[in-house]
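K.L.:
sequence? don't have it. structure:
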């Protein structure tokens, strides 16, 4: 099987390398940071800046390798696309689709062209509001505004308010779905539920979700509609909110996501990295779609002097280099910067089970062991 060259060793890179390991794919991580958090998850680590040394990067690529960008730096993405054209390697990335989905203004235009529902915008929508930068990723820069007066004061103090998205705040549960493929041949995957912390950062992902079969089909069709409109070649994820049984689209991202693919893998058995490599390597899916329908959970904790607290994904981005361990602290797997000589660390616990009850029992056992420090 081809090597996978992952460019970017933060959270998206960690996700890609983790799933590649599950698929038996040999991985090489490229990052300019010698202490990249994913540098211990890969098979090989090459520390380089591809902007500064593009030819050195090109020499790293062997015939048949797939280069997967796992970052959102525009200059790096454009450099990789240029290098792939000059040197003929496979780039597992759709820059055209990414440029549309990374702009919340352009994404919203696409939703409307597809006739898909979105939250109302200010001033049509009513307070409270969620304010977010058009070009930011995930929870970055997201703020909750409780009233019209609070919003007016906020806008008076804010420069470049024209680059802000201001939408009505909706309280329902959030769900995510991934889609992979190329025009005329797309697959959607297990739907996951997104659990947010107090600053709207994802602290936990679970599957399966409390949705009807009809709702699942509706969500899948939304993803396919958008992918076909984009003429997507690769991977994209969609996030919606269930506003009193009416799905409203929140955002789309045409790049490898973090967190949700691991839950998809353990709940359904589908490995999104393998699926993506099939599309770029042979132009079609080579495995049947399956769903073993396990319950799965992926959640982040910070442990400091014996105190255990749950946090959003951003805490993992602040980690020291991460390591993958199995059957520790009662968890099936742990990705963490745990050090026996340090009482403070952070980690992602990954669990799966045949039933929701078995999964809940594991999670409760995790918490007790974390609190007691019983690895």
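P.N.:
It's in. Remember, it's a predicted structure, so these values are computed and weren't measured experimentally. Residues are numbered from 1 along each chain as shown.
K.L.:
Please count neighbours and contacts with C-alpha atoms only from this point.
P.N.:
Fine.
K.L.:
Do me a favour and average the pLDDT over stretch 258-278.
P.N.:
Stretch 258-278 shows a mean pLDDT of 98.
K.L.:
what's that stretch in contact with?
P.N.:
Stretch 258-278 is contacted from outside by 11-12, 14-16, 19-20, 22-23, 66, 92, 176, 178, 180-181, 189-192, 205-208, 234-235, 284-286, 289-298, 352, using C-alpha atoms under 8 Å, 6 or more residues apart in numbering.
K.L.:
let's see it at 7 Å
P.N.:
For stretch 258-278, contacts defined as C-alpha atoms under 7 Å, 6 or more residues apart in numbering pick out 11-12, 15-16, 19-20, 23, 180, 190, 192, 205-207, 234-235, 284-286, 290-298, 352.
K.L.:
Buried members of the residues you listed into ChimeraX, please.
P.N.:
To isolate the buried members of the contacts of stretch 258-278 in ChimeraX, using 16 or more other C-alpha atoms under 10 Å:
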select :11,12,15,16,19,20,180,190,192,205,206,207,234,235,284,285,293,294,295,296,297,298,352
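K.L.:
So which of the contacts of stretch 258-278 sit within helices?
P.N.:
Among the contacts of stretch 258-278, the ones falling in helices (DSSP state H) are 11-12, 15-16, 19-20.
K.L.:
I'd like those residues as TSV, with pLDDT appended.
P.N.:
Listed next are the ones in helices among the contacts of stretch 258-278 as TSV, based on pLDDT from 0 to 100:
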residue	pLDDT
11	97
12	97
15	98
16	98
19	98
20	98
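K.L.:
Using TSV, please lay out the residues you listed together with distance to residue 86.
P.N.:
Shown next, in TSV, are those (distance: C-alpha to C-alpha, whole Å):
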residue	distance to residue 86
11	29
12	26
15	28
16	25
19	29
20	26
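K.L.:
How far off centre is stretch 163-171?
P.N.:
21 Å (C-alpha atoms, centre = their mean, to the nearest Å).
K.L.:
pLDDT averaged over it - what is it?
P.N.:
The average pLDDT within stretch 163-171 is 81.
K.L.:
Domain-wise, how is the protein divided?
P.N.:
Dividing the chain into domains by automatic domain parsing, as the record does, gives the ranges 4-93, 102-115+171-282, 129-168, 295-372.
K.L.:
Make sure residue 177 is actually in contact with residue 194.
P.N.:
No. Residue 177 lies out of contact with residue 194 (C-alpha atoms under 7 Å); the separation is 10.4 Å.
K.L.:
Residue 222 belongs to a helix?
P.N.:
Yes. The assignment for residue 222 by DSSP: H, G, I helix; E, B strand; the rest coil puts it in a helix.
K.L.:
Just say helix, strand or coil for the residue nearest to it when sequence neighbours are not counted.
P.N.:
Leaving aside its chain neighbours, residue 222 sits nearest to residue 116 (7.4 Å; criterion: C-alpha to C-alpha, 6 or more residues apart in numbering). Of the three states, residue 116 takes coil under three-state DSSP.
K.L.:
For burial, what's the neighbour tally of residue 116?
P.N.:
15 (other C-alpha atoms under 10 Å).
K.L.:
quick one: what helix or strand has residue 144 in it?
P.N.:
Element membership for residue 144 (DSSP states H and E) is strand 143-145.
K.L.:
ok, then the element right after that strand?
P.N.:
helix 148-156.
K.L.:
any idea how far that next one is from the chain center?
P.N.:
32 Å.
K.L.:
what do you get for stretch 88-104?
P.N.:
15 Å.
K.L.:
Buried residues, it. List them.
P.N.:
Those would be 89-95, 97-98, 100-104, for stretch 88-104 by 16+ other C-alpha under 10 Å.
K.L.:
Do you know the pLDDT at the residue of the chain most remote from its centre?
P.N.:
Computed with C-alpha atoms, centre = their mean, the residue of the chain farthest from its C-alpha average is residue 149, at 34.5 Å. You'll see residue 149 listed with a pLDDT of 83.
K.L.:
and if you look at the one 3 residues further on?
P.N.:
With respect to pLDDT, residue 152 scores 79.
K.L.:
just to revisit the earlier point, out of the domains of the chain, nearest to residue 121?
P.N.:
Residue 121 lies closest to domain 129-168 among these, at 4.4 Å (C-alpha to C-alpha).
K.L.:
any idea of the mean pLDDT for whatever helix or strand residue 303 lives in?
P.N.:
Here residue 303 is covered by strand 295-304, with elements defined by DSSP H and E. For strand 295-304, mean pLDDT is 96.
K.L.:
Over to stretch 101-111?
P.N.:
88.
K.L.:
and it, how far from the chain's centre?
P.N.:
With C-alpha atoms, centre = their mean as the basis, the mean position of stretch 101-111 lies at 18 Å from the chain mean.
K.L.:
Over to stretch 150-166?
P.N.:
Its chain's C-alpha centre and that of stretch 150-166 lie 28 Å apart, by C-alpha atoms, centre = their mean.
K.L.:
how far away is the residue farthest from the centre of the chain from residue 343?
P.N.:
Between residue 149 and residue 343 the distance is 45 Å, computed by C-alpha to C-alpha, to the nearest Å.
K.L.:
do residue 147 as well
P.N.:
For residue 147, the distance to residue 343 equals 42 Å [C-alpha to C-alpha].
K.L.:
ranges for the helices of the chain?
P.N.:
11-22, 54-60, 74-87, 95-101, 104-113, 148-156, 213-230, 260-268, 272-282, 314-317, 356-372.
K.L.:
Quick check: which of the ones you listed is buried the most?
P.N.:
Burial of the helices of the chain is given as mean neighbour count (mean count of other C-alpha atoms under 10 Å); helix 260-268 ranks first at a mean of 25.
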